[in-house]
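*Asks:* predicted model follows, preceded by the sequence.
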Amino acid sequence: MQPIQQNGHHHLVGVIDAGTRTITFCVFVSQHIKEVAAHSIDLEPITPQEGWSEQDPMKILEAVKTCMDKVVSEIGANKVKNIVTIGITNQRETTIVWDKTTGIPLYNAIVWNDIRTNSTVDVILAKIPDNNKNHFKSVCGLPVSPYFSAFKLKWLIQHVPAVRKAIRAKTCLFGTVDTWLLWNLTGGPNGGKHLTDVTNASRTFLMNIETLYWDSQLLSTFKIPQALLPEIRSSAEIYGKIRDGWPLEKVPISGILGNQQSALLGHSCFREGMAKSTYRSGCFLLYNTGTSRVHSSHGLVTTVAYKFGDEPAIYALEGSVAVAGAAIKWLRDNMGFIKNINEDTESLAKEVFTTGDVYFVPAFKGLFAPYWRQDARGIICGLTAFSTKQHIIRAALESVCFQTRDVLEAMNKDCGIPLSKLNVDGIMTTNNLLMQLQADITGIPVVRAHAHDITALGVAMAAGMAKGVEVWDVHAEERDLIPNDTFLPTSTEDERDTRYTKWKMAVQRSLGWVSPKKSAVMTEERYQLLASIPGSVFAISSFGLLVLAQYLNKEV
Ligand SMILES: Nc1ncnc2c1ncn2[C@@H]1O[C@H](COP(=O)(O)OP(=O)(O)O)[C@@H](O)[C@H]1O
Ligand SMILES: O=P(O)(O)OC[C@H](O)CO
C-alpha cells in the first residue's frame, strides 16, 4: 500500500457519482474522508405519464464529462496527474439498452422508481404458485416488484421495436447506469468494457445471489437472452482505462458500487451487525450480514454489500423506502406549502408541537419495504378543521421516521439482535427536527455523519484498494474518523408504541387503493401477439395494426 507517491505527492482518487437527481465528479486524497474538489449537475427526470420516470442516457454521459472537465480544470494539471484511479457509484436498478455498434440508446433509461411495469409484475405473479411475491427470493434475494431491472428490461423488449430489432441483429446491450458509463468511458463501440459489479447485478432480479452469476431460471422466466447482459465482476478491480479524448484519459477505473452499498462502505460498516441509513429522495437502510446471506422473512431484501477482488462477497439486508425527501419536494412543488426546502421545512414543522394526529403515508407509487404493495397510494389522514400545512409538513417528516421504524422492526426480527443505534447520512439529515423525530420514533440514538459525501467516499475506498492500484487501506487502524453528532430519544416506550400503532393503521388505509388491472395478462398476450408480427407489416400497413390493436382492446 503506497498512500504517497515517490514525488511526495498524495495519490488522488476520482469518483463519478451518478445519483437519481444529481451527477457529481469529485476527488479524494487517498486515505482521507474529505473531497478536495467536486462539481455537480442536476438532471430533471422525464415523466411522459403518471408513474413513469425516465432519463436520457446521453445526458447522463454528457453531465459526467462536464463534471470531470470542470474538476480537472479546477484542480490544475499538476494535481490531475496524481489522480491514479476512478470509481463509479450510481443509482441502482435504472435500466438502459443501447446498440453496441453505434453506442446510441434504444430508449430512455427507465428509472428505478418508475412503475410502468406493474402489469408485468401481475403477469409474473399470475404464473407463480399462490401468487407469492417472495417466490424467487431464495434465488435472487428480491421480491417481485417493478423496482428491479428485469421487469424494466422485459418491458423494453416487449414494447420497443428498436430493442427487439437490435436483439435479433445481436447488437443490443443492457446495463445499469454503472455499466452504461463504464462501457462509454472505456471505448464505447471501440472496445468498451461491458461489465457490471456484483452489487449492481444483485439489484437486477437476474443474478443468483449465491453463485453471483446470471441465473438461467430467471433468464428464462423473463425470456431475456444472456447475450444482452454484462459480465459480473467484483466491486474492486481494474475493469479498464479511460478512452482517449476524455478527461483523465488512460486513468484506470477500479471500483464500482451501487450508491447505497457505497454509502455502507463510506460509513466503514465492514463488520457484521453494522448498519447505515441514507436519507435522500428515498431512504435506504443496509445492515451488514457478513458472508451469510440472511433471507428475510419480514419484507427486506438480500443484497450484495460489496466484494473486494477475489475475496468472498459480503452481504447485506436492505430496507428500501421509495419516498422520503421526495415527500417534502412534493409538498413544495405540488402543494406549494414550502418555498425553500432547506430553509423552510424545519422551521415550518416546528411551528406546531405535534402533527395534531395527522398521518401522511407517501405511497405515491406503492410501498416498498417491508410491504412491497404496488396497490398502495398516498394518503393524509386524521385531518380536522384544526389541521394546517404545518401539521402536514411535520407529518411528512414523521412519515420518513415511521417508514424507517417499519424497516428497523423487520431487520430486528430477521437478525435477532436489535440495532442499538442508527448511523445516518444524506442531505435530509441536515434537518435537526427530522433527526430528533427519528430518535423519538425508533427509541434508539441516531448518529449523524458530518462528512460531505459518504456515498462517494465508499467507492473511492474500493477503487483505491483494488489490486494493482493499492493506494487505500480500507482496514487501516489509523484512519480519519467521520465527525458525527448524536440525537437521543426523548420519548417513552408507551408514547412511541401508541403513535406507531396509529401509523400502522394509516398504512392499512393506504393499501389496496389501486386494483390490479384485470386485463394484465391479456395485455401481455396482446403485446406478444403484436411483437410477433414481422417488421415489414409495419411498413406496409401501420393502419392495419392500429385497427388490430383497437379490436384487441375491445376484446378485454
Ligand atoms: N432540510 C431538509 N429537510 C427535509 N428534506 C430535505 C431537506 N433537504 C433536502 N431534503 C430532501 O432531500 C432530497 C434531496 O436528495 P438528493 O440527494 O438531492 O436527491 P437524490 O436522492 O434523488 O439523488 C429532496 O427530495 C429534498 O426534498
Ligand atoms: O440516487 P438515489 O440516492 O436516489 O439512490 C437511488 C437508489 O440507488 C435506488 O435503489
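*Replies:* Ah, there it is. Ligands and ions are numbered 1, 2, ... in the order given.

*Asks:* state the distance from the residue nearest to the spatial centre of the chain to ligand 2.
*Replies:* Central residue of the chain (Cα atoms, centre = their mean): Arg92, 3.7 Å from the mean position. Distance from Arg92 to ligand 2, counting by Cβ to the nearest ligand atom, to the nearest Å: 4 Å. C-beta coordinates here come from the backbone N, C-alpha and C atoms, glycine included.

*Asks:* my read: that residue touches Ala201, true?
*Replies:* No: judged on Cβ atoms under 8 Å, Arg92 makes no contact with Ala201 at a distance of 10.0 Å.

*Asks:* Gly468: neighbour count?
*Replies:* Neighbour count of Gly468, defined by other Cβ atoms under 10 Å: 10.

*Asks:* returning to what we had before: nearest spatial neighbour of the residue nearest to the centre of the chain, skipping sequence neighbours?
*Replies:* Gly258 (4.0 Å; Cβ to Cβ, 6 or more residues apart in numbering).

*Asks:* quickly list what the one you found is bridged to.
*Replies:* Asn90 (DSSP bridges).

*Asks:* my read is that it contacts Trp112, right?
*Replies:* No: here Gly258 does not reach Trp112: they are 10.3 Å apart, not a contact under Cβ under 8 Å.

*Asks:* give me the common contacts of the two.
*Replies:* Arg92 (Cβ atoms under 8 Å, 6 or more residues apart in numbering).

*Asks:* tell me which of these two has more neighbours.
*Replies:* Gly258 (35 against 23).

*Asks:* so what's that one up against?
*Replies:* By Cβ under 8 Å, 6+ apart, Gly258 lies in contact with Thr89, Asn90, Arg92, Thr176, Asp178, Asp197, Thr199, Asn200, Ser202, Arg203.

*Asks:* which two from these end up farthest apart in space?
*Replies:* Thr89 and Ser202 (14.7 Å; Cβ to Cβ).

*Asks:* of these two, which one has the most company?
*Replies:* The neighbour count for Thr89 versus Ser202, taken as other Cβ under 10 Å, is higher for Thr89 (36 against 32).

*Asks:* from ligand 1, how far off is the more buried one?
*Replies:* 11 Å.

*Asks:* and Phe25, by the same measure?
*Replies:* 15 Å.

*Asks:* tell me how many other residues surround the closest residue to that residue other than its chain neighbours.
*Replies:* Nearest non-adjacent residue to Phe25, counting by Cβ to Cβ, 6+ apart: Cys67, 3.7 Å away. Look at Cys67: counted by other Cβ under 10 Å, it has 23 neighbours.

*Asks:* for Gln49, same thing?
*Replies:* 9.

*Asks:* picking that back up, I'd like the contacts of Gly258 as JSON lines, with pLDDT appended.
*Replies:* Shown next, in JSON lines, are these (pLDDT from 0 to 100):
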{"residue": "Thr89", "pLDDT": "98"}
{"residue": "Asn90", "pLDDT": "97"}
{"residue": "Arg92", "pLDDT": "97"}
{"residue": "Thr176", "pLDDT": "98"}
{"residue": "Asp178", "pLDDT": "98"}
{"residue": "Asp197", "pLDDT": "98"}
{"residue": "Thr199", "pLDDT": "98"}
{"residue": "Asn200", "pLDDT": "98"}
{"residue": "Ser202", "pLDDT": "98"}
{"residue": "Arg203", "pLDDT": "97"}
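
*Asks:* out of the residues you listed, which sit inside helices?
*Replies:* Members of the contacts of Gly258 lying in helices (criterion: DSSP state H): Asp178, Thr199, Asn200.

*Asks:* out of those, who's nearest ligand 1?
*Replies:* Comparing the ones in helices among the contacts of Gly258 against ligand 1 with Cβ to the nearest ligand atom places Asp178 closest, at 15.3 Å.

*Asks:* buried sites along the one helix or strand Lys152 maps to?
*Replies:* Lys152 belongs to helix 149-159 when assigned by DSSP states H and E. For helix 149-159, the neighbour count (16 or more other Cβ atoms under 10 Å) marks Ser149, Ala150, Phe151, Lys152, Leu153, Lys154, Trp155, Leu156, Ile157, Gln158 as buried.
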